[in-house]
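[1] following is a predicted model, sequence given first.
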Amino acid sequence: MKPPEEHIPSKRVTIPYYFTAALSFVLTTVLCLISAPDFAGHFFQPKLLAITHLAVLGWATMVIFGASNQLAPVIAGQRLYSERLSVIVLIIKISGIALLVLAFWNFTFTWHTYAGGGLILTAVGLHAINIYNTVKKEEENIISNFIVAAHAWLFITAMIGLMLLIHLRFPFLPQEHLTYLKVHANIGIAGWFLQLVIGVSARLIPMFLLSRREETKWLRVTYYMLNTGLIVFFINGWLLHSEWLKNLSILALLPGLFFYIRYIRACYKSAMRRQTDQGMKQTFLALSLLSIPFILLFVISLSNGNIAPNLATAYGFSFFGGFISTIIMGQTFKTLPFIVWMHITRPDQLPELMPKDLFREHWVKGQMIFYLPGILIFLSGILWKQSCLLYTGAGFMTIAAVWYLLHVLLIIKKLRRHA
Amino acid sequence: MLKIAITDEHYDLKTTVLNALYAVTDPELGINIIDLGLVYGMTIEANSIHIFMTLSTPACPMGGIITAHVRTAVEAALPGYETGVTLVWEPQWNADLISETGKAALGW
């Protein structure tokens, strides 16, 4: 195995992504606070659309793009295909998000809006090309398969999103808007986020825990079941609109998820590292939070098409604000200190600082002490349509997000100090 | 864990190298590579020292920097000696190779 040092990408393809994501996270929670009562209403309204897209694209996808620029070369044992492309993607993506979020917030659809959607689709496509070309030379590997498939679904999600944006002003699709919106949202949730988290965590969790048993055959089952379910869901949602096919596709996801949990359990049981740090504890907390959207999905599937809008909002929020944001908040402090450490450490000098010295473990815990009650109170506010709960929850989430941003800045500052 | 026989003709030099390697730490675990049992052996010939070691996982993204630090530590302890490092994957690193200190640090 080659020493991977020469595959470490430069800081310009990772650090700005982490910083932009942290900033978007704060902005997202502040907007949640400002528009808290809106979460008690229907999910298809300007403020919620703006906040959702800022959170999904500006916060979560942004940090994932930055992390994948670092991780893809490590997984593939190759250099990142193009660092210049990564910098271009960041600029295009920030411009696209700004235009799109503003358009949703004001609910005005001008050429700026379509330019925003187009820029986002371009950024997603270019990032997918960059990652695909980085990992393609590697031998067939289930982790790379997850990552490539996740990017393909992200591109499809963004394409549907742009079509829906056009359809809002110039209707051209045969069914009503909300029919396609469900496809757009669920493909993004399961195809992009869930699949990417499964793929990346399947590599990182055994690595961080020093697991001796990685049962990748279960991951293969997860991969095929998840993608079969997604393909059926996509074709059905776009063309066939059959209720039983929709439920069948969801049923295919569940065993896939079960086998992933089984894989993680085997990694955990065979771990040589028995003391888990805050980042890993938070990862396991996030995995347990994943049960909430699945319970809500089950309740929604029982409602025979008459879904209470707040239930759909609660499902989306519990997946995104709960599972995805919690796992990202934890994994940030497993990845960013290492990225910074690799840039401040010289090979010809023994380091004075270790990655654990670049961040504060008790801050990671502190952030979660505010964030976890925040999301649970906010979720209760959505379900019971209570503004006071929504304000309180959003308040807690904002404190956690500001703390998270300050923590990210603290780590990045060490990069400048040791430059 | 790496052991040096007292009858080894390079006992003193190897002990110096061993002590120097205690200063090289796995950045993720925060434990030195000797207590982790990552160093499998070393050979000394004339003015060159060769270290055979492994990593906690073949996918370890820190492999390059750890091996560079091994070279730095050995060359600082024994100036004038040329140092080489080879990564080996057999036998696979396992819990039996970790010292009691290392195990305690891993939460055993």
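    Yep, that arrived.
[2] when you work out contacts or count neighbours from here on, use the C-alpha atoms and nothing else.
    OK.
[3] just want the most central residue of chain B.
    Chain B has residue B:39 as the residue nearest its centroid, 3.4 Å off, counting by C-alpha atoms, centre = their mean.
[4] the residue of chain B at minimum distance from chain A: helix or strand, and which one exactly?
    For chain B and chain A, the shortest gap (C-alpha to the nearest C-alpha) falls at residue B:64, measuring 4.2 Å. Per DSSP states H and E, residue B:64 falls inside helix B:63-77.
[5] residue B:83 too?
    In this assignment (DSSP H and E), residue B:83 forms part of strand B:82-87.
[6] residue contacts, residue A:125?
    Counting by C-alpha atoms under 8 Å, 6 or more residues apart in numbering or on different chains, residue A:125 touches residue A:155.
[7] quick one: it from residue A:204, how far?
    Distance of residue A:125 to residue A:204, computed by C-alpha to C-alpha, to the nearest Å: 25 Å.
[8] and the worst-scoring helix or strand of chain B on mean pLDDT, what's buried?
    Least confident element among the helices and strands of chain B, by mean pLDDT, DSSP states H and E: helix B:100-105 (a mean of 90). Neighbour counts over helix B:100-105 (16 or more other C-alpha atoms under 10 Å in any protein chain shown) mark B:102-103, B:105 as buried.
[9] cool, stretch A:78-96 as well?
    A:78-83, A:85-87, A:89-90, A:92-96.
[10] surely residue A:109 is within a helix?
    No - using DSSP: H, G, I helix; E, B strand; the rest coil, the assignment for residue A:109 is coil, not a helix.
[11] the nearest residue to it once chain neighbours are set aside: neighbour count?
    Residue nearest to residue A:109 in three dimensions, not counting chain neighbours: residue A:103, with 6.2 Å by C-alpha to C-alpha, 6 or more residues apart in numbering or on different chains. Other residues within reach of residue A:103, judged by other C-alpha atoms under 10 Å in any protein chain shown, total 21.
[12] which residues does the helix or strand harbouring residue A:103 contact?
    Per DSSP H and E: residue A:103 is located in helix A:83-106. Contact partners of helix A:83-106, identified using C-alpha under 8 Å, 6+ apart, comprise A:9-10, A:12-13, A:17, A:46-47, A:49-51, A:53-54, A:57-58, A:69, A:109, A:112-120, A:122-124, A:126-127, A:130.
[13] go again with 7 Å.
    With contacts defined as C-alpha atoms under 7 Å, 6 or more residues apart in numbering or on different chains, helix A:83-106 is touched by A:13, A:46-47, A:49-50, A:53-54, A:58, A:109, A:112-113, A:116-117, A:119-120, A:123, A:126-127.
[14] which ones among those residues lie within helices?
    A:46-47, A:49-50, A:53, A:112-113, A:116-117, A:119-120, A:123, A:126-127 (DSSP state H).
[15] need those residues in TSV (columns: pLDDT, neighbour count and distance to chain B).
    Shown next, in TSV, are the ones in helices among the contacts of helix A:83-106 (pLDDT from 0 to 100; neighbours: other C-alpha atoms under 10 Å in any protein chain shown; distance: C-alpha to the nearest C-alpha, whole Å):
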residue	pLDDT	neighbour count	distance to chain B
A:46	94	18	43
A:47	96	22	42
A:49	95	18	39
A:50	97	22	37
A:53	97	17	33
A:112	90	16	42
A:113	92	24	41
A:116	96	24	36
A:117	96	27	36
A:119	98	23	33
A:120	98	28	31
A:123	98	25	27
A:126	98	18	25
A:127	97	24	22
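[16] quick check: of the residues you listed, which lies closest to residue A:178?
    Distance to residue A:178, by C-alpha to C-alpha, is smallest for residue A:49 among the ones in helices among the contacts of helix A:83-106, at 12.7 Å.
[17] chain A contacts on chain B?
    Counting by C-alpha under 7 Å from any C-alpha of the partner chain, chain B comes close to chain A at B:27, B:56-57, B:61, B:63-65, B:68-69, B:72, B:95, B:106-108.
[18] which among those count as buried?
    B:27, B:56-57, B:61, B:63-65, B:68-69, B:72, B:106.
[19] quick check, nearest of those to residue A:195?
    Using C-alpha to C-alpha, these come closest to residue A:195 at residue B:61, 22.4 Å.
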